[in-house]
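**Q** pasting a predicted model and its sequence here:
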Amino acid sequence: MKTRPTKSDILKKKLVESLEKSLGVVTTACKQTGVNRSTFYDWYNKDEEFKKEVDSIGDIALDFAESQLHKQIKDGNSTATIFYLKTKGKRRGYVERQEITGADGSPTSFKIEIIDTNETPNE
């Protein structure tokens, strides 16, 4: 015999659906379903299945953002292209790094001094 879903179970399901529509924005989903944010976080921290469902919505939002990035790249947005290469193209050498040199590119020398903050000053 199947057990009837509780009011909490029904609200959790509606909340997950609202989270999907809002791409994971908790405040928006809570307002749409009439659930307090504190109740949402209580369920999130205590109900492992609910937590898994909510966490998977983060992937949906990330997929959407990536699709928007690809759309901007197709439209010729050079900033989007550079961002993509810096994040996804690292293996191919699209990495930004800083080199610290002296005047006119000459080598620099520096000394690292470690200070023990646990020492009590001399009185």
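**A** That came through fine.
**Q** got any ranges where the protein has weak pLDDT?
**A** For the chain, residues meeting the criterion pLDDT under 70 lie at 1, 119-123.
**Q** what segments of it are helices?
**A** Taking DSSP state H as the criterion, the chain contains helices spanning 7-21, 26-33, 37-46, 48-74, 78-88.
**Q** would you mind measuring the gap between the ends of stretch 92-111?
**A** 34 Å (C-alpha to C-alpha, to the nearest Å).
**Q** and for that stretch, what's in contact with it?
**A** 85, 86 (C-beta atoms under 8 Å, 6 or more residues apart in numbering). Just so you know, the C-beta spots here come from the backbone N, C-alpha and C atoms, and that holds for glycine as well.
**Q** same deal with stretch 12-26?
**A** For stretch 12-26, the surrounding residues in contact (C-beta under 8 Å, 6+ apart) are 5, 28-30, 32-33, 35, 37, 40, 43, 47, 50, 53-54, 57-58, 60-61, 64.
**Q** mind checking which of those residues are buried?
**A** Neighbour-count burial (16 or more other C-beta atoms under 10 Å) applied to the contacts of stretch 12-26 gives 29, 30, 32, 33, 35, 40, 43, 50, 53, 54, 57.
**Q** could you dump the residues you listed to TSV with distance to residue 104?
**A** Formatted as TSV, these follow (distance: C-beta to C-beta, whole Å):
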residue	distance to residue 104
29	57
30	59
32	61
33	64
35	63
40	59
43	62
50	61
53	59
54	55
57	53
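**Q** follow-up on the earlier one: can you put the helices of the chain in CSV and add distance to residue 102?
**A** Shown next, in CSV, are these (distance: least, C-beta to C-beta, whole Å):
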stretch, distance to residue 102
helix 7-21, 53
helix 26-33, 50
helix 37-46, 52
helix 48-74, 39
helix 78-88, 27
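**Q** got the contact list for residue 80?
**A** Residue 80 makes contacts with 69, 72, 73, as judged by C-beta under 8 Å, 6+ apart.
**Q** what's the neighbour count on the residue lying closest to it once chain neighbours are set aside?
**A** Counting by C-beta to C-beta, 6 or more residues apart in numbering, residue 72 is the residue found nearest to residue 80 once chain neighbours are left out, at 3.8 Å. By the criterion of other C-beta atoms under 10 Å, residue 72 has 16 neighbours.
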